[in-house]
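> just coords:
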Ligand SMILES: NC(=O)c1ccc[n+]([C@@H]2O[C@H](COP(=O)([O-])OP(=O)(O)OC[C@H]3O[C@@H](n4cnc5c(N)ncnc54)[C@H](O)[C@@H]3O)[C@@H](O)[C@H]2O)c1
Ligand SMILES: O=C(O)C(=O)C[C@@H](O)[C@H](O)[C@H](O)COP(=O)(O)O
Ligand SMILES: [Zn+2]
(Lines give C-alpha, C1' and ligand atoms only; values in the text may rest on other atoms or scores of the structure.)
(Ligands and ions follow the chains in the order given, each with its own letter.)
Protein backbone atom coordinates (compact mmCIF):
# COMPACT_ATOMS: atom_id res chain seq x y z
CA UNK A 1 0.00 0.00 0.00
CA UNK A 2 2.91 2.37 0.50
CA UNK A 3 6.07 3.24 -1.35
CA UNK A 4 9.14 5.11 -0.05
CA UNK A 5 11.78 6.82 -2.14
CA UNK A 6 14.30 8.96 -0.19
CA UNK A 7 12.11 11.00 2.14
CA UNK A 8 9.02 10.68 -0.05
CA UNK A 9 6.15 8.48 1.05
CA UNK A 10 3.17 7.62 -1.10
CA UNK A 11 0.07 5.85 0.21
CA UNK A 12 -2.60 4.62 -2.15
CA UNK A 13 -6.13 4.92 -0.79
CA UNK A 14 -7.82 2.04 -2.61
CA UNK A 15 -11.49 2.83 -3.13
CA UNK A 16 -12.17 1.42 -6.60
CA UNK A 17 -12.93 4.23 -9.05
CA UNK A 18 -12.45 6.75 -6.22
CA UNK A 19 -8.86 5.62 -5.42
CA UNK A 20 -6.13 8.24 -4.96
CA UNK A 21 -2.59 8.83 -3.72
CA UNK A 22 -1.45 10.59 -0.57
CA UNK A 23 1.94 12.03 -1.51
CA UNK A 24 4.10 13.18 1.43
CA UNK A 25 7.36 14.92 0.64
CA UNK A 26 9.17 17.95 2.10
CA UNK A 27 9.33 20.84 -0.41
CA UNK A 28 6.88 19.28 -2.86
CA UNK A 29 4.53 22.30 -2.95
CA UNK A 30 6.27 23.79 -5.99
CA UNK A 31 5.70 20.58 -7.98
CA UNK A 32 1.93 20.45 -7.61
CA UNK A 33 1.36 21.52 -11.22
CA UNK A 34 3.53 18.67 -12.51
CA UNK A 35 1.68 16.15 -10.33
CA UNK A 36 -1.69 17.42 -11.51
CA UNK A 37 -0.66 17.31 -15.15
CA UNK A 38 -0.20 13.54 -14.67
CA UNK A 39 -3.72 13.18 -13.27
CA UNK A 40 -5.59 15.01 -16.01
CA UNK A 41 -5.43 14.27 -19.74
CA UNK A 42 -4.52 17.88 -20.54
CA UNK A 43 -4.13 20.89 -18.23
CA UNK A 44 -7.04 23.30 -18.64
CA UNK A 45 -8.53 25.64 -16.04
CA UNK A 46 -8.46 25.17 -12.30
CA UNK A 47 -9.38 27.19 -9.21
CA UNK A 48 -7.34 27.42 -6.01
CA UNK A 49 -9.47 27.99 -2.91
CA UNK A 50 -7.65 29.35 0.13
CA UNK A 51 -7.97 32.00 2.82
CA UNK A 52 -6.61 35.45 3.65
CA UNK A 53 -3.85 34.03 5.90
CA UNK A 54 -2.57 31.18 3.75
CA UNK A 55 -2.82 32.77 0.30
CA UNK A 56 -0.18 35.46 0.96
CA UNK A 57 2.21 32.73 2.16
CA UNK A 58 1.78 30.03 -0.46
CA UNK A 59 -0.42 31.11 -3.37
CA UNK A 60 2.51 32.39 -5.48
CA UNK A 61 4.38 29.07 -5.30
CA UNK A 62 1.24 27.11 -6.10
CA UNK A 63 0.11 29.42 -8.89
CA UNK A 64 3.48 29.49 -10.66
CA UNK A 65 3.84 25.71 -10.38
CA UNK A 66 0.38 25.28 -11.93
CA UNK A 67 0.98 27.86 -14.66
CA UNK A 68 4.33 26.33 -15.59
CA UNK A 69 2.52 23.03 -16.09
CA UNK A 70 0.03 24.73 -18.42
CA UNK A 71 -2.89 25.36 -16.08
CA UNK A 72 -4.99 28.53 -16.27
CA UNK A 73 -5.50 29.50 -12.63
CA UNK A 74 -8.27 31.43 -10.88
CA UNK A 75 -8.54 32.02 -7.12
CA UNK A 76 -11.20 32.19 -4.43
CA UNK A 77 -9.93 33.66 -1.16
CA UNK A 78 -12.13 33.24 1.91
CA UNK A 79 -12.13 34.76 5.41
CA UNK A 80 -10.07 32.82 7.96
CA UNK A 81 -11.51 30.74 10.78
CA UNK A 82 -13.88 28.02 11.90
CA UNK A 83 -16.64 30.59 12.35
CA UNK A 84 -16.58 31.10 8.57
CA UNK A 85 -17.17 27.41 7.83
CA UNK A 86 -20.69 28.43 6.92
CA UNK A 87 -23.38 28.45 4.29
CA UNK A 88 -22.31 32.01 3.47
CA UNK A 89 -18.73 31.00 2.62
CA UNK A 90 -20.11 28.06 0.67
CA UNK A 91 -22.17 30.61 -1.32
CA UNK A 92 -19.06 32.67 -2.02
CA UNK A 93 -17.28 29.60 -3.41
CA UNK A 94 -20.29 28.85 -5.59
CA UNK A 95 -20.33 32.44 -6.88
CA UNK A 96 -16.63 32.19 -7.77
CA UNK A 97 -17.12 28.84 -9.51
CA UNK A 98 -20.08 30.17 -11.50
CA UNK A 99 -18.11 33.24 -12.56
CA UNK A 100 -15.11 31.13 -13.58
CA UNK A 101 -17.42 28.81 -15.57
CA UNK A 102 -15.25 25.87 -14.51
CA UNK A 103 -16.62 22.83 -16.30
CA UNK A 104 -17.15 19.31 -14.96
CA UNK A 105 -13.67 17.96 -15.59
CA UNK A 106 -11.81 21.04 -14.29
CA UNK A 107 -10.50 20.78 -10.73
CA UNK A 108 -10.56 22.90 -7.58
CA UNK A 109 -7.59 22.84 -5.24
CA UNK A 110 -7.98 23.30 -1.47
CA UNK A 111 -4.90 25.14 -0.24
CA UNK A 112 -5.21 25.37 3.53
CA UNK A 113 -6.18 23.68 6.77
CA UNK A 114 -9.21 21.59 7.57
CA UNK A 115 -11.64 24.48 7.26
CA UNK A 116 -10.65 25.32 3.68
CA UNK A 117 -10.36 21.60 2.84
CA UNK A 118 -13.79 20.63 4.20
CA UNK A 119 -15.55 23.57 2.52
CA UNK A 120 -13.76 23.15 -0.81
CA UNK A 121 -14.54 19.45 -0.89
CA UNK A 122 -18.21 20.09 -0.17
CA UNK A 123 -18.39 22.79 -2.84
CA UNK A 124 -16.66 20.44 -5.30
CA UNK A 125 -19.23 17.73 -4.53
CA UNK A 126 -22.14 20.11 -5.30
CA UNK A 127 -20.98 22.32 -8.18
CA UNK A 128 -22.30 20.80 -11.43
CA UNK A 129 -23.06 17.71 -9.26
CA UNK A 130 -19.37 17.10 -8.74
CA UNK A 131 -16.03 18.28 -10.07
CA UNK A 132 -12.56 16.91 -9.20
CA UNK A 133 -10.79 18.30 -6.15
CA UNK A 134 -7.26 18.17 -4.83
CA UNK A 135 -6.24 18.52 -1.18
CA UNK A 136 -3.10 20.54 -0.43
CA UNK A 137 -3.22 20.56 3.39
CA UNK A 138 -1.17 23.22 5.17
CA UNK A 139 -1.82 22.50 8.88
CA UNK A 140 -0.70 19.59 11.05
CA UNK A 141 -4.35 18.69 11.57
CA UNK A 142 -5.09 18.66 7.86
CA UNK A 143 -1.92 16.68 7.06
CA UNK A 144 -2.59 13.99 9.67
CA UNK A 145 -6.36 13.78 9.32
CA UNK A 146 -8.78 16.03 7.45
CA UNK A 147 -7.28 15.94 3.93
CA UNK A 148 -7.70 12.15 3.77
CA UNK A 149 -10.98 10.27 3.65
CA UNK A 150 -13.47 12.50 1.89
CA UNK A 151 -15.54 13.85 4.77
CA UNK A 152 -16.52 17.32 3.54
CA UNK A 153 -18.86 19.77 5.28
CA UNK A 154 -19.88 23.13 6.63
CA UNK A 155 -21.17 23.87 10.14
CA UNK A 156 -24.66 24.86 11.28
CA UNK A 157 -25.14 26.98 14.44
CA UNK A 158 -26.74 23.91 16.05
CA UNK A 159 -24.09 21.41 15.08
CA UNK A 160 -20.65 20.76 13.60
CA UNK A 161 -20.32 19.56 9.99
CA UNK A 162 -24.07 19.03 9.83
CA UNK A 163 -24.29 19.86 6.11
CA UNK A 164 -21.89 17.87 3.97
CA UNK A 165 -21.07 14.87 1.82
CA UNK A 166 -18.65 12.00 1.49
CA UNK A 167 -16.62 13.08 -1.52
CA UNK A 168 -13.07 11.84 -2.09
CA UNK A 169 -10.24 14.01 -3.43
CA UNK A 170 -8.30 12.94 -6.54
CA UNK A 171 -4.95 13.56 -4.81
CA UNK A 172 -3.63 14.60 -1.39
CA UNK A 173 -0.38 16.55 -1.80
CA UNK A 174 1.43 17.02 1.52
CA UNK A 175 4.46 19.27 1.98
CA UNK A 176 5.44 19.19 5.69
CA UNK A 177 7.72 22.21 5.15
CA UNK A 178 4.71 24.55 5.01
CA UNK A 179 4.14 23.81 8.69
CA UNK A 180 7.11 26.09 9.49
CA UNK A 181 4.79 29.12 9.37
CA UNK A 182 2.05 27.62 11.52
CA UNK A 183 1.33 28.99 15.02
CA UNK A 184 2.28 26.82 17.99
CA UNK A 185 -1.31 26.58 19.22
CA UNK A 186 -2.36 25.18 15.83
CA UNK A 187 0.48 22.63 15.85
CA UNK A 188 -0.68 21.43 19.27
CA UNK A 189 -4.28 21.11 18.08
CA UNK A 190 -3.17 19.00 15.11
CA UNK A 191 -1.10 16.75 17.36
CA UNK A 192 -4.30 15.92 19.29
CA UNK A 193 -5.71 14.23 16.15
CA UNK A 194 -2.46 12.29 15.63
CA UNK A 195 -2.54 11.05 19.25
CA UNK A 196 -6.10 9.87 18.51
CA UNK A 197 -4.87 7.10 16.17
CA UNK A 198 -2.75 5.72 19.00
CA UNK A 199 -5.70 5.76 21.35
CA UNK A 200 -8.13 4.02 19.02
CA UNK A 201 -5.94 1.39 17.32
CA UNK A 202 -2.19 1.54 18.02
CA UNK A 203 -0.94 1.60 21.62
CA UNK A 204 2.66 1.56 20.37
CA UNK A 205 2.07 4.76 18.42
CA UNK A 206 0.57 6.38 21.55
CA UNK A 207 3.75 5.51 23.46
CA UNK A 208 5.82 6.92 20.61
CA UNK A 209 3.74 10.11 20.67
CA UNK A 210 4.25 10.40 24.45
CA UNK A 211 7.99 10.47 23.80
CA UNK A 212 8.04 12.36 20.51
CA UNK A 213 5.26 14.94 20.65
CA UNK A 214 7.57 17.61 22.05
CA UNK A 215 9.93 17.20 19.10
CA UNK A 216 6.97 17.40 16.73
CA UNK A 217 6.01 20.68 18.42
CA UNK A 218 9.52 21.94 17.70
CA UNK A 219 8.95 20.94 14.06
CA UNK A 220 11.73 18.35 14.09
CA UNK A 221 11.52 17.20 10.46
CA UNK A 222 12.11 13.48 11.09
CA UNK A 223 9.59 13.25 13.91
CA UNK A 224 7.03 15.32 12.04
CA UNK A 225 7.48 13.16 8.93
CA UNK A 226 7.04 9.98 10.97
CA UNK A 227 3.95 11.36 12.71
CA UNK A 228 2.34 12.38 9.39
CA UNK A 229 3.19 9.05 7.69
CA UNK A 230 1.82 6.92 10.52
CA UNK A 231 -1.32 9.04 10.85
CA UNK A 232 -2.05 8.94 7.11
CA UNK A 233 -1.52 5.18 7.10
CA UNK A 234 -4.03 4.70 9.94
CA UNK A 235 -6.56 7.07 8.42
CA UNK A 236 -6.26 5.44 4.98
CA UNK A 237 -6.67 1.93 6.45
CA UNK A 238 -9.85 2.88 8.29
CA UNK A 239 -11.32 4.74 5.32
CA UNK A 240 -10.56 1.86 2.94
CA UNK A 241 -12.35 -0.53 5.31
CA UNK A 242 -15.40 1.70 5.83
CA UNK A 243 -15.59 4.69 3.50
CA UNK A 244 -19.01 5.99 4.57
CA UNK A 245 -18.94 5.24 8.31
CA UNK A 246 -21.21 2.24 8.45
CA UNK A 247 -19.02 0.72 11.17
CA UNK A 248 -15.40 1.10 12.25
CA UNK A 249 -14.87 4.57 10.75
CA UNK A 250 -16.95 5.93 13.64
CA UNK A 251 -13.96 5.17 15.89
CA UNK A 252 -12.16 8.14 14.26
CA UNK A 253 -14.77 10.16 16.14
CA UNK A 254 -13.14 9.45 19.52
CA UNK A 255 -13.40 12.67 21.56
CA UNK A 256 -15.63 14.28 18.94
CA UNK A 257 -19.06 13.63 20.54
CA UNK A 258 -18.06 15.88 23.44
CA UNK A 259 -15.57 17.91 21.37
CA UNK A 260 -18.06 18.99 18.72
CA UNK A 261 -20.51 19.92 21.51
CA UNK A 262 -17.80 22.12 23.05
CA UNK A 263 -17.22 23.81 19.69
CA UNK A 264 -20.90 24.48 19.02
CA UNK A 265 -21.71 25.56 22.61
CA UNK A 266 -18.90 28.12 22.37
CA UNK A 267 -20.05 29.25 18.91
CA UNK A 268 -16.95 27.95 17.10
CA UNK A 269 -14.89 30.81 18.49
CA UNK A 270 -13.19 29.73 21.73
CA UNK A 271 -11.64 26.31 21.17
CA UNK A 272 -9.77 25.00 18.14
CA UNK A 273 -11.16 21.74 16.78
CA UNK A 274 -8.17 19.73 18.06
CA UNK A 275 -8.51 21.34 21.50
CA UNK A 276 -12.17 20.33 21.67
CA UNK A 277 -11.16 16.81 20.63
CA UNK A 278 -8.52 16.65 23.38
CA UNK A 279 -10.95 17.70 26.13
CA UNK A 280 -13.64 15.47 24.63
CA UNK A 281 -11.26 12.50 24.63
CA UNK A 282 -10.55 12.98 28.33
CA UNK A 283 -14.30 13.00 28.96
CA UNK A 284 -14.74 9.82 26.90
CA UNK A 285 -11.87 8.20 28.82
CA UNK A 286 -13.39 9.13 32.20
CA UNK A 287 -16.79 7.84 31.06
CA UNK A 288 -15.11 4.59 29.94
CA UNK A 289 -13.57 4.18 33.39
CA UNK A 290 -16.82 5.08 35.18
CA UNK A 291 -18.72 2.46 33.18
CA UNK A 292 -16.08 -0.17 33.94
CA UNK A 293 -14.84 -0.53 30.36
CA UNK A 294 -11.32 0.90 30.81
CA UNK A 295 -8.83 0.32 33.61
CA UNK A 296 -8.24 3.05 36.19
CA UNK A 297 -5.43 5.33 35.05
CA UNK A 298 -6.47 5.45 31.37
CA UNK A 299 -7.69 9.05 31.59
CA UNK A 300 -4.61 10.09 33.59
CA UNK A 301 -2.24 8.62 31.00
CA UNK A 302 -3.96 10.56 28.22
CA UNK A 303 -4.09 13.75 30.31
CA UNK A 304 -0.34 13.44 30.97
CA UNK A 305 0.36 13.25 27.24
CA UNK A 306 -1.88 16.27 26.44
CA UNK A 307 -0.32 18.32 29.26
CA UNK A 308 3.14 17.49 27.95
CA UNK A 309 2.12 18.93 24.58
CA UNK A 310 0.40 21.95 26.15
CA UNK A 311 -3.14 21.05 25.09
CA UNK A 312 -6.05 22.26 27.25
CA UNK A 313 -7.42 19.66 29.67
CA UNK A 314 -10.09 21.61 31.61
CA UNK A 315 -13.71 20.71 30.87
CA UNK A 316 -15.87 23.85 30.34
CA UNK A 317 -18.65 24.28 32.90
CA UNK A 318 -21.85 23.61 30.99
CA UNK A 319 -24.76 21.79 32.62
CA UNK A 320 -25.56 18.15 31.78
CA UNK A 321 -28.69 19.42 29.96
CA UNK A 322 -26.57 21.70 27.79
CA UNK A 323 -24.16 18.86 26.96
CA UNK A 324 -26.98 16.45 26.11
CA UNK A 325 -28.77 19.03 24.01
CA UNK A 326 -25.61 19.87 22.02
CA UNK A 327 -24.69 16.19 21.58
CA UNK A 328 -28.24 15.52 20.39
CA UNK A 329 -27.11 16.86 16.99
CA UNK A 330 -24.25 14.39 16.56
CA UNK A 331 -24.32 12.53 13.25
CA UNK A 332 -23.61 9.17 14.91
CA UNK A 333 -26.92 9.31 16.80
CA UNK A 334 -29.60 6.79 16.01
CA UNK A 335 -32.99 8.42 16.52
CA UNK A 336 -32.68 10.30 19.79
CA UNK A 337 -30.04 7.89 21.16
CA UNK A 338 -26.58 9.43 21.50
CA UNK A 339 -23.75 7.03 20.66
CA UNK A 340 -20.26 7.45 22.14
CA UNK A 341 -16.80 6.23 21.24
CA UNK A 342 -15.33 4.72 24.40
CA UNK A 343 -12.08 2.99 25.31
CA UNK A 344 -11.36 -0.48 26.67
CA UNK A 345 -7.85 0.84 27.21
CA UNK A 346 -5.16 2.67 25.24
CA UNK A 347 -5.26 1.43 21.63
CA UNK A 348 -8.70 -0.16 21.87
CA UNK A 349 -11.79 1.94 21.10
CA UNK A 350 -15.37 0.84 20.53
CA UNK A 351 -18.75 2.31 19.67
CA UNK A 352 -21.07 2.32 22.71
CA UNK A 353 -24.78 2.22 21.95
CA UNK A 354 -26.22 2.14 25.45
CA UNK A 355 -24.85 5.01 27.55
CA UNK A 356 -27.70 6.44 29.64
CA UNK A 357 -28.30 10.16 30.27
CA UNK A 358 -27.73 9.30 33.97
CA UNK A 359 -24.18 8.26 33.17
CA UNK A 360 -23.64 11.63 31.49
CA UNK A 361 -25.14 13.46 34.50
CA UNK A 362 -22.70 11.60 36.71
CA UNK A 363 -19.79 12.40 34.38
CA UNK A 364 -20.61 16.12 34.31
CA UNK A 365 -21.10 16.10 38.10
CA UNK A 366 -17.66 14.61 38.56
CA UNK A 367 -16.10 17.77 37.08
CA UNK A 368 -18.03 19.98 39.53
CA UNK A 369 -16.59 18.11 42.50
CA UNK A 370 -12.96 18.79 41.56
N1 LIG B 1 -12.77 16.09 7.00
C2 LIG B 1 -12.20 15.49 8.05
O3 LIG B 1 -12.00 14.28 8.06
C4 LIG B 1 -11.76 16.34 9.21
C5 LIG B 1 -10.89 15.80 10.15
C6 LIG B 1 -10.48 16.62 11.20
C7 LIG B 1 -10.90 17.94 11.27
N8 LIG B 1 -11.72 18.42 10.31
C9 LIG B 1 -12.11 19.83 10.32
O10 LIG B 1 -10.94 20.60 10.14
C11 LIG B 1 -11.12 21.88 10.73
C12 LIG B 1 -9.89 22.25 11.55
O13 LIG B 1 -8.80 22.30 10.68
P14 LIG B 1 -7.46 23.06 11.07
O15 LIG B 1 -7.08 22.69 12.45
O16 LIG B 1 -6.50 22.83 9.97
O17 LIG B 1 -7.92 24.56 11.17
P18 LIG B 1 -7.94 25.76 10.10
O19 LIG B 1 -8.23 25.26 8.76
O20 LIG B 1 -8.81 26.81 10.68
O21 LIG B 1 -6.43 26.27 10.12
C22 LIG B 1 -5.88 26.73 11.33
C23 LIG B 1 -5.28 28.14 11.20
O24 LIG B 1 -3.99 28.05 10.61
C25 LIG B 1 -3.89 28.94 9.49
N26 LIG B 1 -2.95 28.29 8.58
C27 LIG B 1 -3.17 27.20 7.81
N28 LIG B 1 -2.03 26.79 7.26
C29 LIG B 1 -1.07 27.63 7.65
C30 LIG B 1 0.33 27.70 7.43
N31 LIG B 1 0.97 26.77 6.74
N32 LIG B 1 1.01 28.73 7.98
C33 LIG B 1 0.38 29.65 8.76
N34 LIG B 1 -0.94 29.61 9.04
C35 LIG B 1 -1.65 28.61 8.48
C36 LIG B 1 -5.31 29.06 9.02
O37 LIG B 1 -5.49 30.22 8.25
C38 LIG B 1 -6.07 29.10 10.34
O39 LIG B 1 -6.01 30.38 10.90
C40 LIG B 1 -12.38 21.79 11.55
O41 LIG B 1 -13.41 22.46 10.87
C42 LIG B 1 -12.67 20.32 11.62
O43 LIG B 1 -14.04 20.06 11.73
C44 LIG B 1 -12.17 17.66 9.29
O1 LIG C 1 -12.67 11.06 9.11
C2 LIG C 1 -13.42 10.76 10.03
O3 LIG C 1 -14.26 9.86 9.93
C4 LIG C 1 -13.36 11.50 11.31
O5 LIG C 1 -14.21 11.34 12.16
C6 LIG C 1 -12.23 12.44 11.50
C7 LIG C 1 -12.49 13.54 12.50
O8 LIG C 1 -11.24 13.95 13.02
C9 LIG C 1 -13.12 14.77 11.88
O10 LIG C 1 -13.16 15.82 12.80
C11 LIG C 1 -14.47 14.58 11.22
O12 LIG C 1 -14.82 15.71 10.45
C13 LIG C 1 -15.57 14.40 12.22
O14 LIG C 1 -16.61 13.78 11.56
P15 LIG C 1 -18.13 14.07 11.84
O16 LIG C 1 -18.81 13.07 10.97
O17 LIG C 1 -18.38 13.84 13.29
O18 LIG C 1 -18.38 15.48 11.46
ZN1 LIG D 1 -11.49 15.77 14.17
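Now that the structure is in, tell me what you want to look at. Fair warning: this is a prediction, and the values are worked out from it, not measured in the lab. Ligands and ions are numbered 1, 2, ... in the order given.
> and stretch 73-91, is it in reach of ligand 1?
Yes: contact of stretch 73-91 with ligand 1 (C-beta under 6 Å from any ligand atom) involves 80, 82, 85. For the C-beta atoms, the positions are set from N, CA and C on the backbone; glycine is no exception.
> what helix or strand is residue 154 on?
strand 151-156 (DSSP states H and E).
> so which of the residues of stretch 73-91 next to ligand 1 wins on neighbours?
Counting neighbours by other C-beta atoms under 10 Å, the top entry in the residues of stretch 73-91 next to ligand 1 is residue 85, with 24 neighbours.
> quick one, what contacts that residue?
Residue 85 makes contacts with 115, 118-119, 153-155, 268, as judged by C-beta atoms under 8 Å, 6 or more residues apart in numbering.
> ok, now residue 8?
With C-beta under 8 Å, 6+ apart, residue 8 has these contacts: 23-25, 28.
> residue 48 touches residue 111, doesn't it?
Yes: counting by C-beta atoms under 8 Å, residue 48 does reach residue 111; the two are 5.4 Å apart.
> which neighbours do these two have in common?
Shared contacts of residue 48 and residue 111, defined by C-beta under 8 Å, 6+ apart, comprise 59, 62.
> before we move on, back to that, hmm, which two among the contacts of residue 8 are most spread apart?
24 and 28 (8.1 Å; C-beta to C-beta).
> find residues that contact each of the two.
With C-beta under 8 Å, 6+ apart, residue 24 and residue 28 have common neighbours 8, 174.
> with neighbour numbers in mind, choose between those two.
For residue 24 versus residue 28, the count of surrounding residues by other C-beta under 10 Å is larger for residue 24: 23 against 20.
> hey, what's the more buried one bridged with?
According to DSSP bridges, the partner residues bridging residue 24 are residue 9, residue 174.
> check contacts around the residue in the stretch 251-370 of the chain that ligand 2 sits nearest to.
At 3.7 Å from ligand 2, residue 252 is the closest residue in the stretch 251-370 of the chain, using C-beta to the nearest ligand atom. In this structure, residue 252 makes contact with 149, 196, 200, 235, 238, judged by C-beta under 8 Å, 6+ apart.
> keep these, but drop any that are not near ligand 1.
Among the contacts of residue 252, the residues that sit close to ligand 1 (C-beta under 6 Å from any ligand atom) are residue 149.
> surely residue 40 and residue 107 touch.
Yes: judged on C-beta under 8 Å, residue 40 makes contact with residue 107 at a distance of 7.1 Å.
> any common contacting residues for those two?
Counting by C-beta under 8 Å, 6+ apart, the shared contacts of residue 40 and residue 107 are residue 132.
> higher neighbour count, the two?
residue 107 (23 against 17).
> wondering if the helix ranked longest in the chain reaches ligand 2 at all.
Using DSSP state H, we find that the single longest helix of the chain is helix 221-241. No: using C-beta under 6 Å from any ligand atom, helix 221-241 stays clear of ligand 2, with a minimum separation of 6.8 Å.
> so what does that helix touch, helix or strand wise?
strand 8-13, strand 20-24, strand 171-174, helix 184-201, helix 203-217 (3 or more C-beta pairs under 8 Å, 6 or more residues apart in numbering; DSSP states H and E).
> to residue 323, which of the ones you listed lies closest?
It is, among these and with distance given as C-beta to C-beta, helix 184-201, at 19.7 Å.
> where do the helices sit along this protein?
For the chain, the helices defined by DSSP H occupy 32-39, 55-68, 87-100, 114-126, 140-141, 184-201, 203-217, 221-241, 256-265, 273-290, 298-309, 320-327, 357-368.
> so which of those helices is the most surrounded?
Mean neighbour count, computed with mean count of other C-beta atoms under 10 Å, is highest for helix 140-141 among these, reaching a mean of 29.
> could you give the mean pLDDT of that one?
Here helix 140-141 scores 98 as its mean pLDDT.
> residue 158 against residue 264, yeah?
Yes: counting by C-beta under 8 Å, residue 264 is a contact partner of residue 158 at 6.8 Å.
> which residues do these two both contact?
Common contacts of residue 158 and residue 264, defined by C-beta under 8 Å, 6+ apart, comprise residue 329.
> pull up the residues of the stretch 201-350 of the chain that are close to ligand 2.
So far as C-beta under 6 Å from any ligand atom goes, the stretch 201-350 of the chain lies against ligand 2 at 245, 249, 252-253, 256, 331.
> what's the closest non-adjacent residue to the residue positioned nearest the centre of the chain?
Nearest to the geometric centre of the chain sits residue 146, at 2.7 Å (C-alpha atoms, centre = their mean). Leaving aside its chain neighbours, residue 146 sits nearest to residue 114 (3.7 Å; criterion: C-beta to C-beta, 6 or more residues apart in numbering).
> hmm, back to that, off-centre distance for the longest helix of the chain?
12 Å (C-alpha atoms, centre = their mean, to the nearest Å).
> stretch 27-37 now?
Distance of stretch 27-37 from the chain centroid (C-alpha atoms, centre = their mean) equals 22 Å.
> quick one: is that stretch near ligand 1?
No: using C-beta under 6 Å from any ligand atom, stretch 27-37 never reaches ligand 1; the gap is at least 9.9 Å.
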